[in-house]
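> Need a 3D model of the following:
(chains A and B)
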Amino acid sequence: MDTRGTGRRSARITSALVSLGGLAVATVTGAGLWFGHEQAGTTTTDTSTSTTTDSGSGTRTSSDAATDSGSSSSSSSTDTSTDTGVSQGTTGGSSDTTTTGS
Amino acid sequence: MRAAAEWDLWTTTARVVLDHRDRRHLAAAESCVREVTAAVDAACSRFRDDSELLSRADDLVRGTEVSPLLATLVHQAVDAARLSDGDVDPTLGRRMASLGYDAAFADAPPVPSPDTVARALDRRPAWQRILLSGTFLRVPAGVTLDLGATAKAAAADMAAASITARLGIGALVSLGGDVATAGPDPSGGWQVRVQDQAGDPVDHVRIASGWSVATSSTQKRCWAQDGTARHHILDPRWGLPADPVWRSVTVVAPSCTTANTMTTAAVVRGHGAVEWLRQSGRAARLVAADGSVLRIGGWPDDQVDHLGGADAA
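Predicted coordinates for the structure are as follows:
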């Protein structure tokens, strides 16, 4: 029996199967890479979201900072006043009273 | 906007100020101030024979129970003497009345008793020999208490606190320039003009709620004796008016009594006052004899200095 033709055919079938397998692997890998990328992207997005949220918090903090700063500033002024009981008065307006020697 | 009432008191002016939102309480606030000042006057005035201090002078030498108010006022006066190392001395009443007269010797009883001998051997300043325990008060023989340096300021403190306690509102009370505040701040805060005499430099400051400001001056209550200018703040070391190194001294403190004690002591200390005030940490403003202004301890310095300036009242 002549098997040479059968061997070539078998080799072609094997080659085709390998190619299909490679394609399948490539497809799966690619999908994995894709999903991995997507996953990574999602993670990034999440991170980004998280960052954004944090950033929001940061803004709030910044706002807080601004508030703090305002408070500080106000507190600074108040603190100055609290520390010494006196701060710059209004020069243009009328005074509530005058302290004089007696 | 403010609501204010003003009236004559103790040869000077009493003033009570409220935020305009509390204006409906003005009459009640004025009543508080009048009640407090009347009570203080009845307790320790040197100009009323029926005051507790004068009418019970003999009892005080032996030692006696006094009213809680008089005990409080004496306590504050002795505290002021302690705080100022005796520069604000409440035992100069007779000295003030007649400079050069040493009442302690003139009034000594002729027959020595163990008590008088013990007192004669006690070389401590008279203010340290005042015995105050609770409401039991004993005053050294020959000493007339003069609580003038602290009682007016104490009255301002009590009046402001009384308004807040009774009416639940913020208030500023000024008794002859001794300014006390209590309760919540009004809109814009308490604005106080600092100027002793017309033509003196002017500062405008804001006083925090609950704080007080007082000024002592060598330009007020002055007279001439044998051609020598005198003023009413005596240096206890000599029993004579302190050198007028400063035209006026102003201090901000948590209580008007403390502020007044420090301004009076600063006038007595002259040049030495600057370092003492710096160490105290209190905001202070001193106007020198030449009109120059020294601001220390956080006193706002964004002010204009000049004598006879446009801002002068």
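> hmm, who's touching stretch B:27-39?
B:5, B:7, B:9-10, B:14, B:16, B:18, B:22, B:69, B:155, B:158-159, B:162-163, B:166-167, B:169, B:171, B:173, B:175 (CB atoms under 8 Å, 6 or more residues apart in numbering or on different chains). C-betas here are computed from N, CA, C, even on glycine.
> List only buried entries from those residues.
Applying 16 or more other CB atoms under 10 Å in any protein chain shown to the contacts of stretch B:27-39, the neighbour count classes B:5, B:9-10, B:14, B:16, B:18, B:22, B:69, B:155, B:158-159, B:162-163, B:167, B:169, B:171, B:173, B:175 as buried.
> In helices, which of those residues appear?
Cross-referencing the buried ones among the contacts of stretch B:27-39 against helices under DSSP state H gives B:L69, B:A155, B:M158, B:A159, B:S162, B:I163, B:L167.
> centre of the chain versus stretch B:56-67, how much separation?
In terms of CA atoms, centre = their mean, to the nearest Å, the centre of stretch B:56-67 is found 23 Å from the chain centre.
> mind listing what's buried in that stretch?
Per 16+ other CB under 10 Å, stretch B:56-67 contains these buried residues: B:R56, B:L60, B:V61, B:V66, B:S67.
> Switch those residues over to a markdown table; also include secondary structure and pLDDT.
Listed next are the buried residues of stretch B:56-67 as a markdown table, based on DSSP: H, G, I helix; E, B strand; the rest coil; pLDDT from 0 to 100:
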| residue | secondary structure | pLDDT |
| --- | --- | --- |
| B:R56 | coil | 94 |
| B:L60 | helix | 95 |
| B:V61 | helix | 93 |
| B:V66 | coil | 97 |
| B:S67 | coil | 97 |
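> Pull the most distant pair out of the residues you listed.
By the measure CB to CB, B:V61 and B:S67 form the most distant pair in the buried residues of stretch B:56-67, at 17.5 Å.
> which residues does A:V86 form a beta bridge with?
B:I207 (DSSP bridges).
> check contacts around it.
Applying CB under 8 Å, 6+ apart to A:V86 gives the contacts B:V205, B:R206, B:I207, B:A208, B:W211, B:V213, B:V252, B:A283, B:G298, B:W299, B:P300.
> By neighbours, which of those wins?
Most neighbours among those, by other CB atoms under 10 Å in any protein chain shown: B:V252, with 31 neighbours.
> Am I right that that residue is in a strand?
Yes - assigned with DSSP: H, G, I helix; E, B strand; the rest coil, B:V252 falls within a strand.
> Touching, it and B:G210? I think so.
No - using CB atoms under 8 Å, B:V252 is not in contact with B:G210, being 11.3 Å away.
> Could you look up the SS state of B:D87?
Judged by three-state DSSP, the three-state class of B:D87 is coil.
> what about it, how many neighbours?
26.
> And the pLDDT for B:A80?
On the pLDDT scale, B:A80 is placed at 95.
> got the contact list for the helix or strand where it lies?
According to DSSP states H and E, B:A80 maps onto helix B:68-83. For helix B:68-83, contacts defined as CB under 8 Å, 6+ apart pick out B:39-40, B:43-44, B:52-53, B:66, B:87-90, B:125, B:127-128, B:130, B:132, B:134-135, B:137, B:145, B:147, B:149-151, B:154, B:257-258, B:260-262, B:264-265.
> one step back: quickly name whichever of the buried residues of stretch B:56-67 is closest to chain A.
Distance to chain A across these (CB to the nearest CB) is lowest for B:S67, with 25.0 Å.
> How much space separates the closest one from A:T100?
In this view, B:S67 and A:T100 are 31 Å apart by CB to CB, to the nearest Å.
> related to what we said a few turns ago, possible to save the contacts of A:V86 as a markdown table with distance to B:A180 and pLDDT?
Formatted as a markdown table, these follow (distance: CB to CB, whole Å; pLDDT from 0 to 100):
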| residue | distance to B:A180 | pLDDT |
| --- | --- | --- |
| B:V205 | 15 | 94 |
| B:R206 | 15 | 95 |
| B:I207 | 9 | 94 |
| B:A208 | 12 | 94 |
| B:W211 | 9 | 96 |
| B:V213 | 8 | 96 |
| B:V252 | 11 | 97 |
| B:A283 | 16 | 96 |
| B:G298 | 20 | 92 |
| B:W299 | 18 | 94 |
| B:P300 | 20 | 92 |
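> tally of neighbours for B:G148?
B:G148 has 21 nearby residues by other CB under 10 Å.
> Would you confirm that B:G189 contacts B:V205?
No - the criterion here is CB under 8 Å, and B:G189 misses it with B:V205 at 9.6 Å.
> Find the residues that touch each one of those two.
Counting by CB under 8 Å, 6+ apart, the contacts common to B:G189 and B:V205 are A:S87.
> give me the element the residue of chain A found nearest chain B is part of.
Across chain A, the shortest distance to chain B (CB to the nearest CB) belongs to A:G101, at 2.1 Å. A:G101 belongs to no helix or strand when assigned by DSSP H and E.
> OK, contacts around it?
Applying CB under 8 Å, 6+ apart, we find A:G101 in contact with B:G177, B:D196, B:T215, B:S216, B:S217, B:T218, B:Q219, B:K220, B:S248, B:T263.
> need those in CSV with pLDDT and secondary structure, can you?
CSV is the format used below for the contacts of A:G101 (pLDDT from 0 to 100; DSSP: H, G, I helix; E, B strand; the rest coil):
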residue, pLDDT, secondary structure
B:G177, 84, coil
B:D196, 84, coil
B:T215, 94, strand
B:S216, 92, strand
B:S217, 88, strand
B:T218, 84, coil
B:Q219, 78, coil
B:K220, 68, coil
B:S248, 92, strand
B:T263, 95, helix
